[in-house]
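Colleague: Give me a 3D structure for the following:
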Amino acid sequence: MNGVISQVRKTFKSLFREDKITFISFIILPLVMAAIYGTMQAKSFDGKNNDMTAIKTQFVYNEQSDKGKILTSVLKESQVKNFIDTTSNDADCEVTISENFNDIKVKSIHCSDAKMSIVTSFVRSFSHNLNQYQVISNIASLQISGQEKEKLIKNMVEELQSIQKSPAVEEKIISGYKTLGSYEYYGIATFSFTSIILILILVNKFFADKNQGIVKRSFATPISKSKYLLGYAISSTLTAFLINLTYVIICRVAGISFKGNLLGIFLVAFVQSLLQGAMATTVIAFIKNKNIVNSVLGIFIVLPAIIGGVFYNGEIIEGNFFKTLNALSPNTLVLNAYKTISITNSISNAMGYIVCMIVIALVLITVSTIKVKVKWED
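Modeller: Residues are numbered from 1 along each chain as shown. You can find the predicted model right below:
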């Protein structure tokens, strides 16, 4: 155990003496990326404190039906027009309503998450309030009074206003769904991306020690290979945790991101670090060639950039194929865990992602330990 502790101590000394630039870079890089992409993509998020213009929406329904006539009348009201614009030919959103108004589908054409939620809320509110105020029995003869119609519109508009005015992370849209602002999203997304790059740096640090003969000299001491690997795993995890925790604290204090449950955010940061350490350990246990390592991890770095929602809002992905690819991206678990806690302010809601990361990390460390005991660095 003394050998493991000695290796961890040596790694931390190296981090602060020789690798200070690396430490600082992995804090500054995601911050800069978040600032750039948060600014560039701000409109697609309709982030907090932004006034939202009327949403260009195309409604497809039976305008001649009794309920359809009432919806047509409601859509013409000036109060509703402040939120829903049905006059534009270039619609951002399409709403398809069945003949009986029971099946309502909202499709995004090029509509943001928040706008989609508002449109969905509008059509659900229309159906709900129509039933609540018991005008259904009068629809057959279209006997909806002006007072009932005014009450119907008033309730829908109040619900829409409450959605639009709420802060992005605290807003209640539909079914308890909330969304993140652009800076909050990219503060997390770019961080999940650079965390994979950090794995490559940790692995290359091992190969640098190997080339300098440090690894071979370590094996000349009483420390076993499995204990050396354990020391490497622990030191890599703690290095990643120190970097991750520093970044999270800076973003939270600056009000950029990670605004959810503080204990939950710290828990995810630790589990993320554990997974990074386990992945780095697995790489050095199974791959002896540095060039192959760089190629393999290069793929892991490119994938999140293309399908992992790092440089675009992952919520707007259309199609099952692309959604599946997004779910398989190496950064997805980390990204979704942070997002879930930031959105719901609850650890339990993110527990699925957290447990999954822990299980993967433990499996990787176990398999790596077995591999090293069989044959490694002979």
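
Colleague: use CA for all of it now, contacts and neighbours both
Modeller: Will do.

Colleague: give me the low-pLDDT residue ranges for the stretch 101-250 of the chain?
Modeller: Across the stretch 101-250 of the chain, the ranges flagged by pLDDT under 70 are 113-114, 128-179, 219-220.

Colleague: Do a quick rundown of the helices in it.
Modeller: All helices of the stretch 101-250 of the chain, identified by DSSP state H, counting those that start in this stretch, fall at 113-132, 136-139, 146-165, 182-211, 214-219, 225-254.

Colleague: what packs against the fourth one?
Modeller: Packed against helix 182-211 by the contact rule (3 or more C-alpha pairs under 8 Å, 6 or more residues apart in numbering; DSSP states H and E) you find helix 20-40, helix 42-45, helix 225-254, helix 262-286, helix 290-307, helix 332-344.

Colleague: Can you check which of the helices of the stretch 101-250 of the chain gets nearest to residue 5?
Modeller: With respect to residue 5, and counting by C-alpha to C-alpha, the nearest of the helices of the stretch 101-250 of the chain is helix 225-254 at 7.0 Å.

Colleague: quick check: angle from that closest one to helix 262-286?
Modeller: When axes from the mean of the first three to the mean of the last three C-alpha atoms, to 10 degrees is applied, the directions of helix 225-254 and helix 262-286 differ by 150 degrees.

Colleague: Which of the helices and strands packed on helix 182-211 comes out lowest on mean pLDDT?
Modeller: Mean pLDDT is lowest for helix 42-45 among those, at a mean of 66.

Colleague: Report the beta-bridge partners for residue 93.
Modeller: residue 57, residue 108 (DSSP bridges).

Colleague: separation between it and residue 111?
Modeller: Distance of residue 93 to residue 111, computed by C-alpha to C-alpha, to the nearest Å: 6 Å.

Colleague: Same question for residue 53.
Modeller: 12 Å.

Colleague: Who has more neighbours out of the two?
Modeller: Legend: neighbour count by other C-alpha atoms under 10 Å for residue 53 and residue 111, higher for residue 111 (20 against 13).

Colleague: Leaving out chain neighbours, which residue sits closest to the more buried one?
Modeller: In this structure, residue 111 finds its nearest non-sequential neighbour in residue 92, 5.0 Å apart by C-alpha to C-alpha, 6 or more residues apart in numbering.

Colleague: What of residue 360?
Modeller: residue 275 (7.3 Å).

Colleague: Could you report the neighbour count for that neighbour?
Modeller: By other C-alpha under 10 Å, 26 other residues sit near residue 275.

Colleague: cool, residue 67 as well?
Modeller: 21.

Colleague: The helix or strand that contains it: what's the following helix or strand?
Modeller: Secondary structure from DSSP states H and E places residue 67 in helix 66-75. Proceeding N to C from helix 66-75, the next assigned helix or strand is helix 78-81, under DSSP H and E.

Colleague: for the record, mean pLDDT for the helix holding residue 67?
Modeller: The model assigns helix 66-75 a mean pLDDT of 79.

Colleague: Pull the CA coordinates from it and hand them back as PDB.
Modeller: Only the C-alpha atoms of helix 66-75 are listed here, as PDB (Å, rounded to 0.1, in the frame of the first residue of the first chain):
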ATOM      1  CA  ASP A  66     -67.000  22.200 -34.000                       C
ATOM      2  CA  LYS A  67     -63.800  22.200 -32.000                       C
ATOM      3  CA  GLY A  68     -61.800  23.300 -35.100                       C
ATOM      4  CA  LYS A  69     -64.000  26.400 -35.400                       C
ATOM      5  CA  ILE A  70     -63.300  27.300 -31.800                       C
ATOM      6  CA  LEU A  71     -59.600  26.800 -32.200                       C
ATOM      7  CA  THR A  72     -59.600  29.000 -35.300                       C
ATOM      8  CA  SER A  73     -61.400  31.700 -33.400                       C
ATOM      9  CA  VAL A  74     -59.000  31.500 -30.500                       C
ATOM     10  CA  LEU A  75     -55.900  31.700 -32.800                       C
END
